[in-house]
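Q: Take this sequence and fold it.
(chains A and B)
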Amino acid sequence: MNKLTYFPGCSAHGTSEEFDHTLKLVMQTLDVQMEEIPDWNCCGATSAHVMTENLALALPMRNLVLAERLENKTMGIACASCYSRMKGTKKHLDENPELARRINTTVIDEGEYKGTIDIKSMLQYCYEEIGLETIKSKVTKSLSGLKVACYYGCLLTRPKDITLFDSPEYPMSMDLLMEALGAKAMEFDFKTECCGASFSISNTEVVESLSGKILEVAKESGAHLIVVACPLCQSNLDMRQPDIEKHTGRKFDLPVMYFTQLMALAFGYPEKELKLPKHIVSVEAALKHIGEAIPEPEKVKKIKKAVEAESEVE
Amino acid sequence: MARVGVFVCFCGANIAGVIDVPAVVQEAKKIKEVKISIEYKYLCSDPGQQIIREAIVQNRLTSVVVAACSPRMHEKTFRKALLDAGMNPYLLEIANIREHSSWVHQKDKKAATEKASDLIRMAVAKSIANEQLHEISVPVTKRALVIGGGIAGIQAALDIADARIPVTLVEKSPSIGGRMAQLDETFPTLDCSQCILTPKMVDVASHPYIELIPYSEVIELQGYVGNYKAKIKKKASYVDFSSCTGCGACTQKCPVKVPNEFNMNIDKRKAIYTPFPQAVPNKPVIDAEHCTMLLKGKCGICAKVCEKGSINFKMVDEVIEREIGAVVIATGYDLWDPKPYEEYGVGRYKDIITSLEFERMVSASGPTNGVPVRPSDGKVPKNVVFIKCIGSRDEAKGIEYCSKICCMYTAKHAILLHHKVPDSHAYIFYMDIRAAGKGYEEFVKRAQVETAATYLRGRVSKIYKKGDKLMVRGEDAQIGQVVEVEADLVVLATAVIAPKDNPALARLLGVSYDKYGYISEAHPKLRPVETAKAGIFLAGCTQAPKDIPDTVAQASACAAKVCGLFAGDTMKKDPMISTINNEFCSGCLNCIKVCPYQAIVTEEIPLGHGSKEIRTVAKINEGVCQGCGSCVAICRSMAISLAGFTDPQIINEIVAI
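A: Below you'll find the predicted structure:
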């Protein structure tokens, strides 16, 4: 059994409970024991780092020190924003040892900062440490027939120098993960476009415009639903969708699910474990596509015919 | 008794701004051997040199010390002044009080002044031990090697050959013509590239003084200026060029189709092919990577249809040697691969192409007969977005420099698009419009007025697909807003980069190259067509991105340099080289191992006077020795001495401080 230090972040215990819950189910199936950091605190997220540098570093540092005490090699983080703050802080501290010592004095009660833990997003952990082959082997109910648009948001793969994971502009890890579950990942150009993030509260119009564009392009791709790995992306795309529909006059009907919900489903957990009632846009209709045969597009048929014809001539 | 003259230069404020020149002059006067010590504002100027010349005659000087800039700058100038005054030029010593003192010690004027005096004291002491030296004459092989058969190589070869100097032109691909042969029309006059280039290509092939070796590469260069020996590998073409008539039957019948690199892989060529119809020489070669006969021993159709029996599947690479006196590097450029622009969907969307692909499409002889089409569905595009600076001026994804030609060819593309598809519209996203050059700004204006192209100042941040269109989202910085353009086709002006083989070639030739892989010139302003290695010159984009007019000018300049080098039957060479006193030589031959120029050979001499027994000693080849001094340092018998840097000279210098 693998052990993993787990940092859920505030959303996992609130708005993204379905993420947290299905993540735990999935990790159980994958034989990973998750140890939640005792007494973890806020990562600072969107407010601390624009207010004061000390606080912006001290908050994640306290979590890092607590995480190091658990003595696991890797810390997995559910929320993309927490992931960005924690990994960014670690890089900054590791590059400036003098600063690390100074900030450490603020949280010295928790212990000394060593900089030894490896930080990964849960998507990254699944992709890099568990691996697609293992995940594939656990699938009992293939998601074939389901077309998905994988949305990574802005922080899971960026900035490149901090995340050191996948392509910053056109990542493929979640797409490949979905294909491993049997689903079809659609070509989706807005994978890493901004959803508006925390402007959801202070300037909803911005979020409606940006998230609206993402929904539009996802719909265009032919996907039945959008897959995400970030709680804020989920809430913006899901919760704001009815308002966006009202204001643009377009009907999207695109449920927004966490990748772990789909993993849990593919691993054979019953639908009620996915906490589907938490979704604003109903998921039911989309999931009915599972099992459907996807017809080959006309273009592919044509090309295949042409290739056959050419090889016959030769 | 030595009589030394010291001349201290102000170099405007370069030296005098930091160093107290009059004090230095007074200090030099205290040295016993110094008969005259004077200062002047610019010694390198004619009046400055006149002062030196007069002082030499009036004071019957035995050596001269000029305290000024680096000897790399003006040693030759002052040597000439000595010569004009009837003095051996090697009795000159330079005290470099600019680079070695005033420039590096600007914050401590007192110390800089003291250091200048020290440097002069050393130079004076050294000059007292200077000997009269005389230039060496070495024979010259009057043949030039031109590497690369693009417009740079073609122009250089023709100009040298027109001066009746034999040229060997080596081209890597099966035909000369280079990148220019791929172009449709050229800015700023829109002459057809083929029409102005192909006559020159034919001239090369028919010129009595040019030996054209296509499909080959230089693999070794030995020797020194005026006397190089080059090894050239002729790649197996599997076609006997001497009997082949270029009828084309073989290429017609060959069943193997391969992406056509000349047309940027838009269409296919055969495994036996000539790159394009106007190729010079117009003889096909077999592509060994794709020919099924060479790979699997099956087919051989080309050999069956060839009436002359020119196909020879057993042909192998051949290495030939040429003795040459000078080399012109003209290897051209490559284009940057825009793959890192993932946010544009490069590689995923067929309708995003590069400028050279567009160029091939609008070319009358191109794969689409001169009409631009969308690679995805073959439709003629109406809205075309051109994006400049793809990879250029982009520290994050590409390279830092400006590729220089993209502003101009993109304006040209807008005009060509307008000519070929009159109801089309061009949108051009740009950072700046850099149109410096004769007729260039006018040309850009013409593009803007004639085609009504929309020039949008700003970067494109995203390209995404909507139906069968590409949505191009970018900033229009002039109105401060994000704009979206619905495009049928997107053309990326990708950066000009150095050919990837340049560093290997540079190492092989012994010339330096910069961090981008471009061959370095000896001086960016004053020696722009020479490399730091004597007798090796450069022309065209192998040095840096440039357009056709600049390339041709540089190529002709190279030719002038080569002709100058070959003007006499012998060449003068600096006498500051090593000599071996073979009486002291123990024959350990360590000097041969450390010599970087292979300038030392062995010699057999009698063991003693009148002795019949012999012993082996080292001997310097005067023509090859560059005077680096490595052999002097390694010689344990102190048998080697370097003219101009003899032990007495060096010891004098050390004692003086």
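
Q: How about the residue of the stretch 351-500 of chain B found nearest chain A, nearest residue that isn't a chain neighbour?
A: For the stretch 351-500 of chain B, the nearest residue to chain A under the criterion CB to the nearest CB is B:Tyr464, separated by 3.4 Å. Glycine gets a C-beta too; all of them are placed from N, C-alpha and C. Nearest non-adjacent residue to B:Tyr464, counting by CB to CB, 6 or more residues apart in numbering or on different chains: A:Asp189, 3.4 Å away.

Q: what do you get for B:Val624?
A: Leaving out its chain neighbours, the residue that sits closest to B:Val624 by CB to CB, 6+ apart is B:Ala599, at 3.7 Å.

Q: tell me, how many neighbours does residue 20 end up with?
A: I'll assume chain A. Around A:Asp20 sit 22 other residues, with neighbours defined as other CB atoms under 10 Å in any protein chain shown.

Q: wrong one, I was asking about chain B
A: Using other CB under 10 Å, B:Asp20 has 17 other residues around it.

Q: need the contact list for it.
A: Taking CB atoms under 8 Å, 6 or more residues apart in numbering or on different chains as the criterion, B:Asp20 is in contact with B:Lys109, B:Thr113.

Q: What of the one 5 residues further on?
A: Taking CB under 8 Å, 6+ apart as the contact definition, B:Val25 lies against B:Val6, B:Val8, B:Ser37, B:Ile38, B:Glu39.

Q: Closest to B:Val239 out of those residues?
A: Of all the contacts of B:Val25, B:Val239 sits closest to B:Val8, with 68.9 Å by CB to CB.

Q: What strand or helix carries that closest one?
A: Here B:Val8 sits within strand B:4-9, counting by DSSP states H and E.

Q: okay, now the domains of the chain?
A: Just so you know, I chose chain A. A:2-123, A:139-287 (automatic domain parsing).

Q: Actually, chain B is the one I wanted.
A: Domain assignment of chain B by automatic domain parsing yields the ranges B:4-128, B:136-235+B:317-333+B:505-569, B:236-315, B:334-497, B:578-656.

Q: What's the local residue count around B:Ala67?
A: B:Ala67: 31 surrounding residues under other CB under 10 Å.

Q: Please name the residues that touch it.
A: Here B:Ala67 is in contact with B:6-9, B:24, B:28, B:94-95, B:97, B:116, B:119-120, B:123 (CB under 8 Å, 6+ apart).

Q: Which pLDDT does the model give it?
A: At B:Ala67, the pLDDT value in this model is 97.

Q: Mind listing the strands the host helix or strand of it pairs with, and their directions?
A: Under the criterion DSSP H and E, the helix or strand holding B:Ala67 is strand B:63-68. Take DSSP bridges as the rule and strand B:63-68 pairs in its sheet with strand B:4-9 (parallel), strand B:92-96 (parallel).

Q: Wasn't B:Val218 part of a helix?
A: No - read with DSSP: H, G, I helix; E, B strand; the rest coil, B:Val218 is strand and lies in no helix.

Q: distance between the ends of stretch A:21-40?
A: Stretch A:21-40 has an end-to-end distance of 18 Å (CA to CA, to the nearest Å).

Q: mind listing what's buried in that stretch?
A: A:21-27, A:29-30, A:32, A:34, A:37, A:40 (16 or more other CB atoms under 10 Å in any protein chain shown).

Q: try stretch B:457-474
A: Applying 16+ other CB under 10 Å to stretch B:457-474 flags B:Arg457, B:Gly458, B:Val460, B:Lys462, B:Ile463, B:Tyr464, B:Lys465, B:Leu470, B:Met471, B:Val472, B:Arg473, B:Gly474 as buried.

Q: pretty sure the second one contacts B:Gly480?
A: Pointing back at B:Gly458 there. No - contact status for B:Gly458 versus B:Gly480: not in contact, 9.6 Å apart, counting by CB atoms under 8 Å.

Q: picking that back up, adding mean pLDDT, write the domains of chain A out as CSV.
A: Formatted as CSV, these follow (pLDDT from 0 to 100):
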stretch, mean pLDDT
domain A:2-123, 94
domain A:139-287, 94
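
Q: May I see those arranged in JSON lines, with distance to B:His134 as well?
A: Below are these laid out as JSON lines (distance: least, CB to CB, whole Å):
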{"stretch": "domain A:2-123", "distance to B:His134": "61"}
{"stretch": "domain A:139-287", "distance to B:His134": "62"}
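
Q: ok, now which ones touch A:Gly196?
A: Per CB under 8 Å, 6+ apart, neighbours of A:Gly196: A:Val206, A:Val207, A:Glu208, A:Ser209, A:Leu210, A:Ser211, A:Asn236.

Q: Of the residues you listed, which is the most crowded?
A: Of all these, A:Asn236 has the most neighbours under the rule other CB under 10 Å, reaching 29 neighbours.

Q: And the next helix or strand past the one helix or strand that residue maps to?
A: For A:Asn236, the host element (DSSP H and E) is helix A:231-239. Scanning forward in sequence from helix A:231-239 by DSSP H and E, the next helix or strand is helix A:241-248.

Q: can you tell if that next one touches chain B?
A: No - counting by CB under 8 Å from any CB of the partner chain, chain B is not contacted by helix A:241-248; separation bottoms out at 15.3 Å.

Q: what inclination does that helix have with respect to helix A:231-239?
A: Per axes from the mean of the first three to the mean of the last three CA atoms, to 10 degrees, the angle that helix A:241-248 makes with helix A:231-239 is 50 degrees.

Q: list the helices and strands the next helix or strand after helix A:241-248 packs on?
A: As assigned by DSSP H and E, the chain's next helix or strand after helix A:241-248 is strand A:256-258. Where contact means 3 or more CB pairs under 8 Å, 6 or more residues apart in numbering or on different chains; DSSP states H and E, strand A:256-258 is packed against helix A:17-29, strand A:225-228, helix A:231-239.

Q: for the first one, the distance to its chain's centre please.
A: It stands for helix A:17-29. Averaging C-alpha positions (CA atoms, centre = their mean, to the nearest Å) puts helix A:17-29 13 Å from its chain's average.

Q: for the helix or strand just after it, packing partners?
A: Next along the chain after helix A:17-29, taking DSSP H and E as the criterion, comes strand A:32-36. Secondary-structure packing of strand A:32-36 (3+ CB pairs under 8 Å, 6+ apart): strand A:2-7, helix A:17-29.

Q: what's the following helix or strand after strand A:32-36?
A: Next helix or strand after strand A:32-36 toward the C-terminus (DSSP H and E): helix A:45-51.

Q: Return the distance of that following helix from the chain's centre.
A: 21 Å.

Q: Quick check: buried residues in it?
A: A:Ala45, A:Ala48, A:His49.

Q: residue boundaries of the strands in chain A?
A: Secondary structure of chain A, counting by DSSP state E: strands at A:2-7, A:32-36, A:74-77, A:118-121, A:147-150, A:184-185, A:225-228, A:256-258.
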